[in-house]
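K.L.:
give the three-dimensional model of this entry:
(chains A and B)
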Protein chains: 2
Amino acid sequence: MPSVPVPPEVDRFLREPNPAVMGSLRSGGGPHTVATWYDWEDGRVLISLDDSRLRLGFIRRDPRVSLTVLSEDDWYRHVSLIGEVEELRPDEGLADIDRLSVRYRGRPYANRTSPRTSAWVRVDRWHGWYGSRPVREGDALVG
Amino acid sequence: MPSVPVPPEVDRFLREPNPAVMGSLRSGGGPHTVATWYDWEDGRVLISLDDSRLRLGFIRRDPRVSLTVLSEDDWYRHVSLIGEVEELRPDEGLADIDRLSVRYRGRPYANRTSPRTSAWVRVDRWHGWYGSRPVREGDALVG
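P.N.:
Have a look, this model is predicted:
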């Protein structure tokens, strides 16, 4: 798997509000996956977690995560990222979940009562598929 | 997370050729995720792996996997499965990858030269989301 930084076409792809699935490690060390919103900024991934989610305990225990991002137009185009949560902080005022909600839904997040935590993931490696072959320079991942 | 068997609406959903992301464990124990075809039969998941894929080594080393299946119509409907690979066998004659290719693409698999291995995953637990809440009995996950 190639190291970061990702090439420009992958960067452009990750900026789109694509469907994504996050992988983390359960208490016993087995894999856990679930669909998630994310944002991408300067080589880091932002994830927002409701404080009641098991997943928050998983990443506090072991910060290693992965993220597979699918193209909404054609899920045979996808990019996966591997990294570690390097920052966990309370989402004061729900600014981060609002940022994600506006990105994906065009409006602030509806639930204003449940506390949330924001996770910033440092990405170390990536790999991408364009149909049946790995992503190459110049592939139009977006659109 | 509920135990198996999955309820009828989840079973119906898993039978559809939905986009999916498989989680497994890398050599160091960190999570790995990648988009994949799958099939669902009698509470087990079929995955097909090209023999050159790193992922095959991962699941030989540790059979614990997860799978998140997204609705193609609306990825806010999704079901995740947790289980273990209980059977790995060479895909003689490429029957299993053809089965998956016909399911997803309506035609046999194009590449007839690369050897492949089939993995059958026993599913132990599942969870599902229907928009912003867990899946409930009677939810129309399909269509």
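K.L.:
and the residue positioned nearest the centre of chain A, what does it touch?
P.N.:
With distances taken as C-alpha atoms, centre = their mean, residue A:38 lies nearest the centre of chain A, 4.2 Å away. Going by C-beta atoms under 8 Å, 6 or more residues apart in numbering or on different chains, residue A:38 touches A:20, A:22, A:45-47, A:67, A:69, A:100. Quick note: C-beta positions are derived from backbone N, CA and C, even for glycine.
K.L.:
rerun that using 7 Å as the cut-off
P.N.:
Residue A:38 makes contacts with A:20, A:45-47, A:67, as judged by C-beta atoms under 7 Å, 6 or more residues apart in numbering or on different chains.
K.L.:
ok, residue A:101 next?
P.N.:
Contacts of residue A:101 (C-beta under 7 Å, 6+ apart): A:107-109.
K.L.:
okay if I get the contacts of residue A:38 as a markdown table plus distance to chain B?
P.N.:
Shown next, in a markdown table, are the contacts of residue A:38 (distance: C-beta to the nearest C-beta, whole Å):
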| residue | distance to chain B |
| --- | --- |
| A:20 | 9 |
| A:45 | 13 |
| A:46 | 17 |
| A:47 | 13 |
| A:67 | 7 |
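K.L.:
these in strands, which ones?
P.N.:
In strands, defined here by DSSP state E, the members of the contacts of residue A:38 are A:20, A:45-47, A:67.
K.L.:
now the helix or strand hosting residue A:128: mean pLDDT?
P.N.:
Assessed by DSSP states H and E, residue A:128 sits inside strand A:116-130. On average, the pLDDT along strand A:116-130 is 96.
K.L.:
that one packs against which elements?
P.N.:
Applying 3 or more C-beta pairs under 7 Å, 6 or more residues apart in numbering or on different chains; DSSP states H and E, one finds that strand A:116-130 contacts strand A:44-50, strand A:77-90.
K.L.:
may I see the buried residues of the shortest one?
P.N.:
Across strand A:44-50, burial judged by 16 or more other C-beta atoms under 10 Å in any protein chain shown covers A:44-49.
K.L.:
next: the longest one.
P.N.:
Going by neighbour count (16+ other C-beta under 10 Å), the buried part of strand A:77-90 is A:77-83, A:85.
K.L.:
shouldn't residue A:103 be within a helix?
P.N.:
Yes: with DSSP: H, G, I helix; E, B strand; the rest coil as the criterion, residue A:103 is assigned to a helix.
K.L.:
correct me, but it touches residue A:39?
P.N.:
Yes: between residue A:103 and residue A:39 there is a contact under C-beta atoms under 7 Å: 6.0 Å.
K.L.:
so the helix or strand of chain A with the lowest mean pLDDT, near chain B or not?
P.N.:
Lowest on mean pLDDT, DSSP states H and E among the helices and strands of chain A sits strand A:133-134, with a mean of 90. No: Strand A:133-134 lies out of reach of chain B by C-beta under 7 Å from any C-beta of the partner chain, never closer than 10.7 Å.
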